[in-house]
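Enquirer: sequence-free structure coming up:
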């Protein structure tokens, strides 16, 4: 009787369970609602979609400095680079313009294209250099940017000056007589207490051989060693530099003299020696004998192990 009653109760609740299941299915099923377009909305009242933000441009950095040469010309040098993804990248094949600022006027001197290292040099000839009333040169280097990079510029101000280098050979001693003069006023005025460096040109970087400081007459002397290797003719290219002066910037003058030891530029096979790529014959013979003795012991041991293995008695099961 109890079983029959339970079955009867289930039959009574069955329609209600079906309705609950159907309602749950309707609530969980996705419903696509499509809004009707408002035909009354005019073009002027339409809401414009926000435009995508432009990608940020690269912000390059520009290093700008000058070197005043002994021929009265000026080398204007730049290095262009940028930080991309956390690392510094050199920026090649880009145009950098060089400008002189005179009062409120800007005069473009020329331009240069950066190389694969992001460096460029523009030489300003001495006959075209005109300073302001105070003898200063106000210069500017400008990269005008492109669709990937922002514009960048750097300015600097220097006074005109010149290094004069005279080679002297006296009492079997080689030396350089140096004079530093200010040209800003139109006349040569000595510059005192300027620290100078003397270098010898080498294949990669100049080799520093001496230092000197100018006296009240703007003069200094530096001795050159007599045992420096030169080219095949014994020529030495000696360079005198004034680096990063607060008024004049960088100055440079060079002179070439036969003060070095001639070094042949012909490539020859080095003689057999301990320090060369061709060791002496006795060393080769000794090495071969030692290697033969060592490996010979290994071969003898292997042979004896094989022979003992063959002579091992075998018992029949």
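Expert: In hand now; what should we look at? All values reported here derive from a predicted model rather than from experimental measurement. Numbering: from 1, shown residues only.
Enquirer: element containing residue 140, please.
Expert: Using DSSP states H and E, the element containing residue 140 is strand 136-143.
Enquirer: quick check: what element follows that strand along the chain?
Expert: On the C-terminal side of strand 136-143, the closest following helix or strand by DSSP H and E is strand 152-159.
Enquirer: list the buried ones in that following strand?
Expert: Residues 152, 154, 158, 159 are the ones in strand 152-159 that count as buried (16 or more other CB atoms under 10 Å). Just so you know, the C-beta spots here come from the backbone N, C-alpha and C atoms, and that holds for glycine as well.
Enquirer: want to throw those into JSON lines with pLDDT and distance to residue 208?
Expert: Supplementary listing: these in JSON lines, determined by pLDDT from 0 to 100; distance: CB to CB, whole Å:
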{"residue": "152", "pLDDT": "92", "distance to residue 208": "33"}
{"residue": "154", "pLDDT": "93", "distance to residue 208": "28"}
{"residue": "158", "pLDDT": "92", "distance to residue 208": "24"}
{"residue": "159", "pLDDT": "91", "distance to residue 208": "26"}
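Enquirer: about what we covered before: ok, residues contacting the strand holding residue 140?
Expert: With CB atoms under 8 Å, 6 or more residues apart in numbering as the test, strand 136-143 has contacts from 60, 62, 64, 66, 74, 76, 78, 80, 94-102, 106, 129, 131-132, 149, 151-160, 184.
Enquirer: what pairs with that strand, parallel or antiparallel?
Expert: strand 95-102 (antiparallel), strand 152-159 (antiparallel) (DSSP bridges).
Enquirer: pull out the buried positions in it.
Expert: Along strand 136-143, these residues count as buried under the neighbour rule (16+ other CB under 10 Å): 137, 138, 139, 140, 141, 142, 143.
Enquirer: do you know the pLDDT at the first one?
Expert: You'll see residue 137 listed with a pLDDT of 90.
Enquirer: among the strands paired with strand 136-143, which is nearest residue 239?
Expert: The minimum distance between residue 239 and the strands paired with strand 136-143 falls on strand 152-159, with 19.4 Å, by CB to CB.
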